[in-house]
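Participant: sharing a model prediction with you, sequence too.
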Amino acid sequence: MFNDILVPLDGSELSERALPMAQNLAQSSDATVHLIHMVSREHELGAGRGIESVQAAELEIDMARRLTEGQLHRGRNYLEQISSQLRDAGIKFETEFTVKAGDPAQNIIEYAKKHSISLVVMATHGHGGLRRLLLVSVTDRVIRSCEVPVLVVPCS
């Protein structure tokens, strides 16, 4: 049925709600679950811009680098914790933790293409109406642009 199932995680409890569904599908089809967690470099790339003082700019750049390093450390630990659950359940998995610039939805779509993913499983916050129009979620953008099926797990 499915060979490779992608579960994008952002470190939130909400994103983890997709895991039980992905685990069930992986067990029933002997699929590999791909866990990805990406840290944005946007804050680092913009650091120091518009600051006239060289010292202040260097300080802001250094702080941005430290923030990224902290996110990297927490992200690796986070993925290890999540992957241990899959390991304990006997599910095949792969993890990728990267630092990326750009749109998270586009990064998810590119990963799916690169790794021949057959299904993306994501959670959604369930906003509707005007709030949905104002807050176009990553999940919405993946649904609209991904070339493979996207299974959306509601938050409740």
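Facilitator: That came through, no problem.

Participant: for my notes, confirm Val99 occurs in a strand.
Facilitator: Yes. Val99 forms part of a strand when assessed by DSSP: H, G, I helix; E, B strand; the rest coil.

Participant: secondary structure element for the nearest residue to it once chain neighbours are set aside?
Facilitator: Beyond its immediate neighbours in the sequence, the residue positioned closest to Val99 (C-beta to C-beta, 6 or more residues apart in numbering) is Val39, lying 4.9 Å away. Every residue, glycine included, has its C-beta placed from N, CA and C. Counting by DSSP states H and E, the secondary-structure element that holds Val39 is strand 32-40.

Participant: paired strands for that strand, with orientation please.
Facilitator: In the sheet, strand 32-40 lines up against strand 4-9 (parallel), strand 93-100 (parallel) (DSSP bridges).

Participant: pLDDT score assigned to Glu110?
Facilitator: Confidence at Glu110, expressed as pLDDT, is 94.

Participant: ugh, wrong one, I meant Gln71
Facilitator: As summarised for this prediction, Gln71 has a pLDDT of 80.

Participant: output the lowest mean pLDDT helix or strand found in the chain.
Facilitator: Least confident helix or strand of the chain, by mean pLDDT, DSSP states H and E, is helix 129-134 with a mean of 50.

Participant: among the strands paired with strand 32-40, which gets the worst mean confidence?
Facilitator: In terms of mean pLDDT, the lowest-scoring of the strands paired with strand 32-40 is strand 93-100 (a mean of 84).

Participant: any regions of this protein where pLDDT drops low?
Facilitator: Judged by pLDDT under 70, the chain has its weakly predicted residues at 40-50, 125-136, 156.

Participant: who's sitting farthest from the centroid in it?
Facilitator: Here the centre of the chain is the reference, and by C-alpha atoms, centre = their mean the most remote residue is Ser53, at 35.8 Å.

Participant: what's the spacing between it and Met63?
Facilitator: The span separating Ser53 from Met63 equals 14 Å under the rule C-beta to C-beta, to the nearest Å.

Participant: restricting to C-alpha, output the strand holding Val39 in PDB.
Facilitator: Included here for strand 32-40 are C-alpha records, laid out as PDB according to Å, rounded to 0.1, in the frame of the first residue of the first chain:
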ATOM      1  CA  THR A  32       9.200   3.000   6.500                       C
ATOM      2  CA  VAL A  33       8.300   6.200   8.500                       C
ATOM      3  CA  HIS A  34      10.400   9.200   7.700                       C
ATOM      4  CA  LEU A  35      10.600  11.700  10.500                       C
ATOM      5  CA  ILE A  36      11.800  15.200   9.600                       C
ATOM      6  CA  HIS A  37      12.400  18.200  11.700                       C
ATOM      7  CA  MET A  38      13.700  21.400  10.300                       C
ATOM      8  CA  VAL A  39      15.100  24.400  12.000                       C
ATOM      9  CA  SER A  40      14.700  27.700  10.200                       C
END
